[in-house]
Each structure stands twice: as structure tokens, then as C-alpha cells.
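Colleague: curious how this folds, go ahead:
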Amino acid sequence: MPTWDPDIYERYKGYRDRPALDLLLQIPADLDPRTIWDLGCGTGEQAALLARRHPGAKVHGLDSSPQMLAKAAARPEPVTWVQADIAAFDPPQAPDLIFTNAALQWLPNHAALFPRLAAALAPGGVFACQMPTAFETRHHQVLRETAAEGPWAHRTAAARLIQPTPSLDDYYGWLSSSCAMVDIWSTTYLHVLEGQDPVVDWMMGTALRPYLDALPDSDERAAFLAAFTANIGTVFPPREEGVTLFPFPRLFMVARR
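Modeller: Next comes the predicted model:
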């Protein structure tokens, strides 16, 4: 997994928070969870919010990044922070709520992962997931093309972690194997970004991380970043008033066992 910089990731905090809050609003109101897991919790904002919303629940925030968890641990809410890989998630007690925001797109083999997470729920438990549908976006396409065309291609090949998004039918089938209720929908957010090279700035906190990690030589890393900046700037040019429009599609799922 790539290394994460929580300060860079939170640079566009308002835009990144909104899908998580939209997902939280769709969790069934009658759910009274005793055990909650936030998978890929990052800096812990949603895990902390879940702890405040459900004060009687035992809330866990799981993430693979020690940098993210260090920031999460500074929060005052009673959350148990766990450094671990989502792929190995095996809770000692069946969760009443598995919440995961912008994390599972990094993991392979959703055909095995999603049924396993759904089956881990306690009876009546809820799985709530949001993921960017990243592979198909224009900015990810430009990133893959830039990585494949330069002298760094053989080093960045392993960094291409994001895979094509499976069909909604597939996700429905994987979740309905254990869950009686499955709700799936998608939303495209139009982000209005400011500043010089704002799409690059946005991606520095997420999609660019594994590519930059794969290039330990600082000169080569700078050359790659310059090439990507030039390429992405032609696809997402600023408008006359100076802002850059950045459409960002996301996939949502809420399933109840």
C-alpha cells in the first residue's frame, strides 16, 4: 500500500467529507449498533462521528497507515484505533455496522472481498460503503498513460493498484448473497478547484502516492510529476474566471443482513 500524508489528504477536506456524510445519512435510522468498524478510517473523522452518534457502541477505526492513525489517535472520542490491512479483516465479534469510505477501491478481488465483508455482519447488521469509481475517470486515464510512456514505466507498473470498477449487478450479487436489503447508487460531484495545477494538488493526497513511492530517485520523480502536470493541465484547463472544474464520480452501497 502507498504511504499517506494526512495533511495533503485533508487539503480538500470539505469535498472529501461530503460523500462520507452522504453515506452516513443512508444508514438505517433504526440501527442500534453495539460494535462498529470503520475500515480505512484515515484520520478518523467518520469513526469519531460514529462514536458520538452511537455512544453505547464499541467503535474501531482500522487503517494501514501509521501516519493517518497517529492523527486519528489525537481525537478525544473513545475509538479503538487498529493498524491493519483491510484484506485481512477478521473481527473477533460480528459487527453491527461496517462503514468504509474511499478505501476499498485500493483492494483487489472484490468478488471475494465484498461477500466476505457482508457475511461478517451480525444479523440485522449494515454494510455501508463509498468508493470513487476511479479507474474509468479521465484523470486516472491520464495518470496511467503518463506512467506508461516515460522512462519510469517499468518502475511505476506495480503502482497501478486501481482496477476497473465491476458492474453494479456484480456488487448486488456479492452483497445479496448474505444481505436481504441492498441499495446501490452513484453520484458525480462537480468539484470547483482553485489555484495552480489544482487537479495535481488533489491527486497528491491519493492517486499519485503509489506512483511517487515507486520512484525513489528525486530527479526522476520530479520529471514524472512535471510530465503528468503538463498532461493533466490540457485535460482540465482553468476557466476564464480562474477555477478548474473537476467531475468526480463515486459509488455508494448500503446493505443489511
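
Colleague: give me phi/psi at the spatially most central residue of the chain?
Modeller: For the chain, the residue lying nearest the average C-alpha position, counting by CA atoms, centre = their mean, turns out to be residue 102 (1.8 Å). Taking degrees, to the nearest 10, you get phi 50, psi 50 for the backbone angles of residue 102.

Colleague: identify all contacting residues around the strand or helix carrying residue 225.
Modeller: Using DSSP states H and E, residue 225 sits in helix 218-235. Counting contacts by CB atoms under 8 Å, 6 or more residues apart in numbering, the residues outside helix 218-235 that touch it are 138-139, 142-143, 145-147, 150-152, 155-156, 197, 199-200, 208, 211-212, 215. In short, each C-beta sits where N, CA and C put it, glycine included.

Colleague: adjacent strands (with direction) for the helix or strand that it is followed by?
Modeller: Past helix 218-235, heading to the C-terminal end, the next element that is a helix or strand (DSSP H and E) is strand 244-256. Looking at strand 244-256 with DSSP bridges, its partner strands are strand 126-132 (antiparallel), strand 181-193 (antiparallel).

Colleague: got JSON lines for those, with mean neighbour count, mean pLDDT and distance to residue 253 too?
Modeller: Compiled in JSON lines, the strands paired with strand 244-256 are given as follows (neighbours: other CB atoms under 10 Å; pLDDT from 0 to 100; distance: least, CB to CB, whole Å):
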{"stretch": "strand 126-132", "mean neighbour count": "24", "mean pLDDT": "97", "distance to residue 253": "5"}
{"stretch": "strand 181-193", "mean neighbour count": "14", "mean pLDDT": "97", "distance to residue 253": "5"}
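
Colleague: thinking again about what came up before, report the buried members of the contacts of helix 218-235.
Modeller: Buried members of the contacts of helix 218-235, counted by 16 or more other CB atoms under 10 Å: 139, 142-143, 146-147, 152, 155-156, 197, 199-200, 208, 211-212, 215.

Colleague: for the chain, what helix or strand is lowest in average pLDDT?
Modeller: helix 6-9 (a mean of 54; mean pLDDT, DSSP states H and E).

Colleague: let me see the ranges of the strands in this structure.
Modeller: For the chain, the strands defined by DSSP state E cover 35-39, 58-63, 79-83, 97-101, 126-132, 181-193, 244-256.

Colleague: possible to save those strands as TSV with distance to residue 16?
Modeller: Rendered in TSV, the data for the strands of the chain read as follows (distance: least, CB to CB, whole Å):
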stretch	distance to residue 16
strand 35-39	15
strand 58-63	15
strand 79-83	19
strand 97-101	9
strand 126-132	10
strand 181-193	10
strand 244-256	10
